[in-house]
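Structural data only, the sequence is not supplied:
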């Protein structure tokens with residue numbers, strides 16, 4: 001398997017998983033824009049949304065569940081959802097994925113979306129999301 005996300009789904013590459021169901025897996029982005037930036041991917045390989053539009057429907061329950069989980073556990077004030085299809089759109093890993101980016105009042109608006117916060121402790125964030133509550 002050469003697809004990075006297929007390897008994560010298969011458990012061949014470690015990831016900070018926050019959710020899984022029969023159709024999708026969600027894990028923290030290793031290069032987050034904001035605290036809690038999470039990727040939701042289908043378990044089956046799909047290059048992008050344009051190739052198999054029904055794949056988005058399959059992972060929609062996971063997107064909804066993870067969105068609520070992130071906002072609740074991280075006390076976020078909002079959330080952005082983003083998926084890029086194709087090189088021109090900025091897609092870098094060619095396995096459909098949806099970015100869920102919790103947003104906070106101290107850095108509002110779309111202009112701040114991809115301005116990366118520095119010093120995010122992924123282990124602490126992971127524990128905050130999936131740790132005992």
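Thanks, I have the structure now. None of these values were measured; they are calculated from a predicted model. Residues are numbered from 1 along each chain as shown.

Now the terminal residues of stretch 41-58, how far apart.
10 Å (Cα to Cα, to the nearest Å).

Please read the previous query as pertaining to stretch 16-23.
18 Å.

ok, now stretch 81-99?
6 Å.

quick one: buried residues of that stretch?
83-85, 91, 94-99 (16 or more other Cβ atoms under 10 Å). Bear in mind the C-beta positions are built from the backbone N, C-alpha and C, glycine included.

so what's the spatially most central residue of the chain closest to, chain neighbours aside?
Against the mean C-alpha coordinate of the chain, by Cα atoms, centre = their mean, the closest residue is residue 39 at 1.5 Å. The shortest distance from residue 39 to any non-neighbouring residue, by Cβ to Cβ, 6 or more residues apart in numbering, is to residue 97 (4.7 Å).

quick one, helices of the chain?
In the chain, the helices defined using DSSP state H lie at 4-9, 54-74, 122-130.

pretty sure residue 94 contacts residue 45?
No. Distance between residue 94 and residue 45: 9.2 Å, which falls outside the contact criterion (Cβ atoms under 8 Å).

Show me whatever sits in contact with both of these two.
residue 3 (Cβ atoms under 8 Å, 6 or more residues apart in numbering).

Appreciated, that's everything.
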